[in-house]
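>>> any chance you could fold what I've pasted below:
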Amino acid sequence: MSPAAPSPDAAALPTAVFEQDGTRWQPSVLARGPWDARAQHGGAPCALLVHLAESALPDPAWQLSRLSIELIKPVPVAPLTSRLDTHPGRSTTRMTIDLFADDVLVARGHALLVRGQPFELPSGLPGWSPELLRPLPDECHERLRIPGLPDGVSFYQSAMDHRMAQGDAAQPGPAAAWFRLSVPLVQGQPNSPAMRAAAAADFGNGLSWVLPAERYLFSNADLSLHLHRPPEGEWIGLRSETQAHGGGVGTTLSRLYDVHGPIGVAIQTLVMRERA
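Predicted coordinates:
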């Protein structure tokens with residue numbers, strides 16, 4: 001594992017994960033991932049793809065319902081360019097958003113936005129659960145510490161606040177935690193509800209690890225995020241569980257919450273490898 005750079009004083013850190021420079025997106029060190037300091041954490045480009053989709057369709061009546069992301073190559077901590085293809089409709093709009101580094105495709109997102117039409121649901125719907133993820137973030141105080149991952153400036157350590165809610169991150173198995181973007185994802189732009197959800201959803205495999213990071217890699221090759229409503233407030237809760245297989249593939253299922261209840265689900269495909 002590449003060693004992380006020493007952590008500078010908070011005042012010396014960048015104030016955002018990305019800065020827009022014309023048609024380019026310049027990531028800061030806050031985008032760094034856990035496996036290689038030269039590559040971004042998946043939550044950074046995933047949230048950027050949400051920003052691009054929502055910027056292309058700024059009417060608030062449209063709600064991001066699904067974002068399927070292919071992390072084709074490690075997304076470098078280097079300038080990125082984007083390309084967007086839109087297929088509009090009356091009730092749904094579909095987009096394909098590509099991210100390039102030096103003209104090489106590194107990530108692709110398929111977004112589905114639905115035009116909201118609010119109505120009152122009848123009471124007692126089968127299968128409907130108003131369950132909360134407890135304890136709520138104000139009642140949680142322990143930070144998420146994933147054993148085997150380096151300290152230093154990174155998306156995980158420096159751009160996100162996190163608080164354990166259930167389980168023990170020092171032990172393998174299912175767990176739950178609350179996450180909050182602590183800086184703007186894009187300089188000068190607010191973090192939208194869907195951006196906050198995408199940034200948090202990529203933490204499921206680390207939160208619910210089953211193989212020790214000192215001996216194994218378990219990075220995700222994709223993320224499929226489904227939201228049935230926009231989250232309210234800054235905190236996004238994940239209740240995650242990972243399934244591993246000796247063939248080298250795993251999956252992580254995360255249920256997503258805000259402080260009022262469920263907001264959606266996320267699934268990651270994991271590429272599992274034993275370290276040399």
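>>> average pLDDT across stretch 162-177?
Mean pLDDT, computed over stretch 162-177, is 95.
>>> ignore the last one, stretch 114-125
Averaging pLDDT residue by residue across stretch 114-125 gives 78.
>>> which stretches of this structure form helices?
Secondary structure of the chain (DSSP state H): helices at 43-56, 193-201, 204-207.
>>> just the buried residues of the longest one, please?
Put plainly, it is helix 43-56. 43-54, 56 (16 or more other Cβ atoms under 10 Å). In this view, the C-beta of every residue, glycine as well, is placed from N, C-alpha and C.
>>> turn those into TSV, including pLDDT.
As requested, these are exported to TSV (pLDDT from 0 to 100):
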residue	pLDDT
Gly43	96
Ala44	98
Pro45	97
Cys46	97
Ala47	98
Leu48	98
Leu49	98
Val50	97
His51	97
Leu52	97
Ala53	96
Glu54	96
Ala56	94
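>>> of those, closest to Ala170?
Among these, Gly43 lies closest to Ala170 (Cβ to Cβ), at 21.8 Å.
>>> now do the strands in the stretch 151-276 of the chain.
160-166, 175-181, 216-220, 222-227, 236-244, 249-258, 261-274 (DSSP state E, counting those that start in this stretch).
>>> same for the second one, what does it pack against?
Read it as strand 175-181. strand 160-166, helix 193-201, helix 204-207, strand 236-244 (3 or more Cβ pairs under 8 Å, 6 or more residues apart in numbering; DSSP states H and E).
>>> can you list the neighbours in contact with that strand?
47, 133, 136-137, 140, 144, 159-169, 191, 195-196, 199-200, 203, 207-208, 234-240 (Cβ atoms under 8 Å, 6 or more residues apart in numbering).
>>> okay, that strand in CSV with CA atoms only?
This file holds the C-alpha atoms of strand 175-181, laid out as CSV (Å, rounded to 0.1, in the frame of the first residue of the first chain):
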residue,chain,number,x,y,z
ALA,A,175,-21.8,-2.3,10.3
ALA,A,176,-23.5,1.1,10.1
ALA,A,177,-22.2,4.6,10.2
TRP,A,178,-23.2,8.2,9.4
PHE,A,179,-21.3,10.2,6.8
ARG,A,180,-21.2,13.9,6.0
LEU,A,181,-19.3,15.9,3.3
